[in-house]
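A.B. asks: coordinates only, sequence not included:
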Ligand SMILES: *[C@@H]1O[C@H](CO)[C@@H](O)[C@H](O)[C@H]1NC(C)=O
Ligand SMILES: *[C@@H]1O[C@H](CO)[C@@H](O)[C@H](O)[C@H]1NC(C)=O
């Protein structure tokens, strides 16, 4: 892995021992004091020379201050990775290509983008490692326009609050942490939006604090706020984000002080008192198992293992529990550390990301934690055995639920489950069984049908499937389930599948859905959840724009419409459950 602190120590030249940072600083000081005056002078001179050389390189050739992972694709879609720092001569064609791409933009927003490469250079510190050059296709341009529309509404009526209520021109506060800003920062960065980045960062710097005397949900705050801060920290290398992330994580840690080590679901960030949710003695299984990427990453960047130890203990505890062919009930008790027996088994709400993080933790740790891979493989077997069924009459494959301790099958699938094809494809890409790809393709098709069969071209929150042949329709939607919250899961899967197959059909599907959002959820001051996807004349706007629309839905759309398969390199990043990329351990 990259040792980010390394960059800040100018005296590390004489030492090559890779020691822990704290110890290194101390012993460096001691050694420094023991040096003679002459030795000190030599070191100072050398350091100054190194500094001057770096300064020369930076000013002489601005591009060489960054390691660009911008990749140009040739006709075969083959990638050419350019590491500018290694060979500055490689820059020229690549750089020209970026400029060229930007010049062909027609939209007014494009004018802003023309000099994005250089603007980012000025905007961000020279430590920036990754850069994004703004939209390169007309579809990306359209998504960027959508993002700006959403951002403008948020800025005007909800700035600093969690969510925009675009119809009533007001806001919603769930945790009171400016969720939309923190969740959007890395999307803004990836889109290359300079002004938005600067105002968002400024808000985080001056106004984001965690002395908030109210209960927050450990999982939600971890994936949205901790994940968001860490991700933008990695992109920008700006310490302000790391400081905030560390403060937040320290306040969340008391959640883990339960009898079993399974965390309580809720905590007051001010009093630091943790407890089970008000409506239940139990935590949700997916919640306690979807915090590991973020806490582990914080341990990586701070060098303090306490965060990783707390969350990895949870993973190991859950690993030891008895499961139904790898499948887990959706509730777990923080005191006993046991599943609530007879609770539902689902790849939807409260179950979903348990399976996602088994794979992604294995990837994050450079494929070193094998018990996670084993649990993942067992779970996919369990899904195929118990949950995957086909509809009548057209044989669409879907993933249903098990109730009452596994006795009853319910032919129901949450839209949330549509993350699964993407995760399966990610596994296959990393050497897991090829047959998972078939499952991924079939599920993706079914998820697409949940959109395509609605006149709005938007999927409902929940779909039921016909397995008995009682009607001529494969799927149906209850009116209570007909809402669409601007969720990202299917777009996320389309992106992964497009990344790994290059099949442009997935881009076209995404485009039709994007048009559905444009036609039926776009309002004067942003985008809104709707209550009914079943009628184009009566969508019943719900007056809510969730932060994940900006963090995830628009980010994945933007990535999906890129023709650059390495815009976000999945060999280097693992993406958390809220679409925040975190680096993979280099082992
Ligand atoms: C949305 O509007 C576009 C442009 O008017 C149109 O081409 C598309 O068919 C519409 N999609 C839906 C689902 O209504
Ligand atoms: C692309 O995906 C679509 C939808 O799954 C499929 O019908 C088509 O055969 C695929 N094309 C290729 C070239 O694999």
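C.D. replies: Arrived safely, thanks for sending. All figures in this text were calculated on a predicted structure; none of them were measured in a lab. Ligands and ions are numbered 1, 2, ... in the order given.
A.B. asks: what is the burial count for the nearest residue to residue 387 once chain neighbours are set aside?
C.D. replies: Residue nearest to residue 387 in three dimensions, not counting chain neighbours: residue 399, with 4.8 Å by C-beta to C-beta, 6 or more residues apart in numbering. Backbone N, C-alpha and C define where each C-beta goes, glycine included. Per other C-beta atoms under 10 Å, the neighbour tally for residue 399 reads 25.
A.B. asks: again with the one 10 residues further on
C.D. replies: Residue 409: 14 surrounding residues under other C-beta under 10 Å.
A.B. asks: ok, it - contacts?
C.D. replies: For residue 409, the contact set (C-beta atoms under 8 Å, 6 or more residues apart in numbering) comprises 386, 387, 389, 400, 401, 402, 403.
A.B. asks: format those residues as JSON lines; extra columns: distance to residue 198.
C.D. replies: Formatted as JSON lines, the contacts of residue 409 follow (distance: C-beta to C-beta, whole Å):
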{"residue": "386", "distance to residue 198": "51"}
{"residue": "387", "distance to residue 198": "47"}
{"residue": "389", "distance to residue 198": "51"}
{"residue": "400", "distance to residue 198": "47"}
{"residue": "401", "distance to residue 198": "46"}
{"residue": "402", "distance to residue 198": "49"}
{"residue": "403", "distance to residue 198": "50"}
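A.B. asks: residues from the protein in reach of ligand 2?
C.D. replies: Within the chain, the positions near ligand 2 by C-beta under 6 Å from any ligand atom are 441, 445, 503, 505.
A.B. asks: try 5 Å
C.D. replies: The chain has residues 503, 505 near ligand 2, with proximity defined as C-beta under 5 Å from any ligand atom.
A.B. asks: where does the chain have low pLDDT?
C.D. replies: Applying pLDDT under 70 to the chain picks out residues 1-38, 43-44, 50-130.
A.B. asks: can you pull the residues of the stretch 401-550 of the chain lying near ligand 1?
C.D. replies: 457, 515, 516, 519.
A.B. asks: can you pick the most crowded of those?
C.D. replies: Busiest of those [other C-beta under 10 Å] is residue 516, holding 21 neighbours.
A.B. asks: in terms of helices and strands, where is that residue?
C.D. replies: Residue 516 is located in helix 505-520, with elements delineated by DSSP states H and E.
A.B. asks: now do the helices in the stretch 451-587 of the chain.
C.D. replies: Taking DSSP state H, counting those that start in this stretch to define them, one finds helices in the stretch 451-587 of the chain at 489-501, 505-520, 547-548, 554-560.
A.B. asks: will you turn the ones you listed into JSON lines that also has distance to residue 469?
C.D. replies: Formatted as JSON lines, the helices of the stretch 451-587 of the chain follow (distance: least, C-beta to C-beta, whole Å):
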{"stretch": "helix 489-501", "distance to residue 469": "27"}
{"stretch": "helix 505-520", "distance to residue 469": "28"}
{"stretch": "helix 547-548", "distance to residue 469": "37"}
{"stretch": "helix 554-560", "distance to residue 469": "36"}
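A.B. asks: the helix or strand harbouring residue 294 packs against which elements?
C.D. replies: Here residue 294, judged by DSSP H and E, is contained in helix 292-302. The elements that helix 292-302 packs onto, with contact taken as 3 or more C-beta pairs under 8 Å, 6 or more residues apart in numbering; DSSP states H and E, are helix 227-236, helix 239-252, helix 306-320, helix 352-364, strand 581-583.
A.B. asks: contacts only, for the closest residue in space to residue 218 that isn't next to it in sequence.
C.D. replies: Among residues not flanking residue 218 along the chain, residue 255 sits closest, at 4.8 Å (C-beta to C-beta, 6+ apart). Residue 255 is in contact with 218, 263, 264, 265, 266, 267, 274, counting by C-beta under 8 Å, 6+ apart.
A.B. asks: check the gap between the residue of the stretch 1-150 of the chain at minimum distance from ligand 1 and residue 551 for me.
C.D. replies: Using C-beta to the nearest ligand atom, residue 142 is the residue of the stretch 1-150 of the chain that sits closest to ligand 1, at 11.3 Å. In this view, residue 142 and residue 551 are 19 Å apart by C-beta to C-beta, to the nearest Å.
A.B. asks: of the two, who's got more company?
C.D. replies: residue 551 (27 against 20).
A.B. asks: from residue 222, how far out is the residue nearest to that one when sequence neighbours are not counted?
C.D. replies: Distance criterion C-beta to C-beta, 6+ apart; nearest residue to residue 551, sequence neighbours excluded, is residue 183 at 3.8 Å. Residue 183 sits 12 Å away from residue 222, going by C-beta to C-beta.
A.B. asks: then residue 536?
C.D. replies: The spacing between residue 536 and residue 222, counted by C-beta to C-beta, is 38 Å.
A.B. asks: tell me the buried residues in the helix or strand that contains residue 202?
C.D. replies: Taking DSSP H and E as the criterion, the element that holds residue 202 is helix 194-207. By neighbour count on 16 or more other C-beta atoms under 10 Å, the buried set for helix 194-207 is 194, 196, 197, 200, 201, 203, 204.
A.B. asks: can the residues you listed go into JSON lines with extra columns for distance to residue 343?
C.D. replies: Output for the buried residues of helix 194-207, formatted as JSON lines (distance: C-beta to C-beta, whole Å):
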{"residue": "194", "distance to residue 343": "48"}
{"residue": "196", "distance to residue 343": "42"}
{"residue": "197", "distance to residue 343": "43"}
{"residue": "200", "distance to residue 343": "39"}
{"residue": "201", "distance to residue 343": "42"}
{"residue": "203", "distance to residue 343": "40"}
{"residue": "204", "distance to residue 343": "38"}
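A.B. asks: closest to ligand 1 among the residues you listed?
C.D. replies: Minimum distance to ligand 1 across the buried residues of helix 194-207 is 26.4 Å, recorded for residue 196 (C-beta to the nearest ligand atom).
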